[in-house]
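**Student:** sequence-free structure coming up:
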């Protein structure tokens, strides 16, 4: 009997120790994020603790460890925001990178498991990218404006923090309001901002009956974006301490709408339970490109620009 109890205790202790060893708190995630970004800047994947099955995408395209950002990045940019989600075993980055003298607006989701980096998902906005209808150099992009108007950072007092689940729901209310074309659904502060690759996409004139702030649009303002659905919603990183939620989605257009699908990460700065700022790193996907190219893959099809062709 004593031997059985001893064996049970040893097994329980071993399991508990193993579980604790796999946990990665904020400081642990910060260390992995630093190692990974330093390796990117050094153009040397061997400097990061990447798992054997490590998978990286850049604008939804799987990228080998010696191509893409691994070969083009030369330095960190003028803006860096870092977010940590111990419950999701993920770290997030939003800001600027330097690529051979050119700036890129980027977001990163980094996944850590068993003390190794297993996934990296980048959204990258470059100044000369294809825009909404596939025309070069028409994408929303303004790095200087992003530097002047960045996402939130810093620890929020405990009495002003909302739970991880609430932060996800608040962020999802934004997409719910867009697809319903009903600004009342969106949990946002009056005057909340929205920027895509740093460029303002708020503050314009209001249509009759639309909700905005002081006569101009804000992040709550509903409109017809030609959408059939906001697809492939995925929670990337939720930083409860900083009250930040990073979500990724795909915009699928209605039949007959010639605008391309866009895939992006949205960084929601949430204050007192309402969205204060929305910052996107985004690109427009070619008609034959699968997006998001991450499980559960429900945003990959149809591959045509529209939702029913």
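**Tutor:** Alright, I've got the coordinates. Quick caveat: nothing in here was measured; it's all calculated off a predicted structure. Numbering: from 1, shown residues only.

**Student:** contacting residues around residue 192?
**Tutor:** By C-beta atoms under 8 Å, 6 or more residues apart in numbering, the contact list for residue 192 reads 202, 213, 218-220, 274-278. Every residue, glycine included, has its C-beta placed from N, CA and C.

**Student:** so for the host helix or strand of it, mean pLDDT?
**Tutor:** Using DSSP states H and E, residue 192 sits within strand 188-196. The average pLDDT within strand 188-196 is 98.

**Student:** could you tell me how far that strand lies from the centre of the chain?
**Tutor:** 17 Å (C-alpha atoms, centre = their mean, to the nearest Å).

**Student:** buried sites along that strand?
**Tutor:** Residues 188-189, 191-196 are the ones in strand 188-196 that count as buried (16 or more other C-beta atoms under 10 Å).

**Student:** now do stretch 214-230
**Tutor:** 217-222, 225-230.

**Student:** what do you get for stretch 240-252?
**Tutor:** 240, 242-252.

**Student:** just the helices in the stretch 101-250 of the chain please.
**Tutor:** Secondary structure of the stretch 101-250 of the chain by DSSP state H, counting those that start in this stretch: the helices cover 143-148, 164-180.

**Student:** which strands or helices does the first one pack on?
**Tutor:** In terms of contacts (3 or more C-beta pairs under 8 Å, 6 or more residues apart in numbering; DSSP states H and E), helix 143-148 is packed against strand 73-85, strand 90-99, strand 102-113.

**Student:** closest one to residue 84 among the helices of the stretch 101-250 of the chain?
**Tutor:** helix 164-180 (12.1 Å; C-beta to C-beta).

**Student:** ok, back up a step: turn the buried residues of stretch 240-252 into TSV, including distance to residue 130.
**Tutor:** Compiled in TSV, these are given as follows (distance: C-beta to C-beta, whole Å):
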residue	distance to residue 130
240	36
242	33
243	34
244	29
245	28
246	24
247	23
248	19
249	19
250	16
251	15
252	18
